[in-house]
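Q: what's the 3D shape of this:
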Amino acid sequence: MVGRWWLVCIAALLILAGIGATVAKALWPAAVLAHPAKPGTFDSDYVQGLIKYGIVKMPGPVAPVAVK
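A: I've put the predicted structure just below:
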């Protein structure tokens, strides 16, 4: 009896996790469209670091690095 109760609880949790993942996938595009990133809202040092490590690429020609 106790073993069956745990099995039912685990099955219910897996079902709820599956439903949650499905809902999140369905709502993600709507959330992205509702709150798009605005140009100029990112710190330039942060963006330059992402470019340096190859995480992102700038569209078009790359600006030369300023020498301090």
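Q: Could you use CA atoms for every contact and neighbour count after this?
A: Noted.
Q: can you give me the helices for the protein?
A: With DSSP state H as the criterion, the chain has helices at 2-34, 44-52.
Q: tell me what the last one is packed against?
A: By that I understand helix 44-52. Helix 44-52 is packed against no helix or strand, with contacts defined by 3 or more Cα pairs under 8 Å, 6 or more residues apart in numbering; DSSP states H and E.
Q: Tell me the gap between stretch 18-28 and the middle of its chain.
A: Offset of stretch 18-28 from its chain centre (Cα atoms, centre = their mean, to the nearest Å): 13 Å.
Q: Give the buried residues for it.
A: Residues of stretch 18-28 classed as buried: none (neighbour count, 16 or more other Cα atoms under 10 Å).
Q: Dump it to PDB, keeping only the CA atoms.
A: C-alpha atoms of stretch 18-28 as PDB (Å, rounded to 0.1, in the frame of the first residue of the first chain):
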ATOM      1  CA  GLY A  18       5.400  17.600 -18.500                       C
ATOM      2  CA  ILE A  19       2.400  20.000 -18.500                       C
ATOM      3  CA  GLY A  20       4.500  22.800 -17.100                       C
ATOM      4  CA  ALA A  21       7.200  22.300 -19.800                       C
ATOM      5  CA  THR A  22       4.600  22.200 -22.500                       C
ATOM      6  CA  VAL A  23       2.900  25.400 -21.300                       C
ATOM      7  CA  ALA A  24       6.300  27.200 -21.000                       C
ATOM      8  CA  LYS A  25       7.200  26.200 -24.600                       C
ATOM      9  CA  ALA A  26       3.900  27.500 -25.800                       C
ATOM     10  CA  LEU A  27       4.100  30.800 -23.900                       C
ATOM     11  CA  TRP A  28       7.800  31.600 -24.600                       C
END
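Q: Any chance of CSV for the helices of the chain, columns distance to residue 60?
A: Below are those laid out as CSV (distance: least, Cα to Cα, whole Å):
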stretch, distance to residue 60
helix 2-34, 24
helix 44-52, 13
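Q: any chance of those helices in TSV, with distance to residue 66 and mean pLDDT too?
A: Below are those laid out as TSV (distance: least, Cα to Cα, whole Å; pLDDT from 0 to 100):
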stretch	distance to residue 66	mean pLDDT
helix 2-34	33	86
helix 44-52	11	82
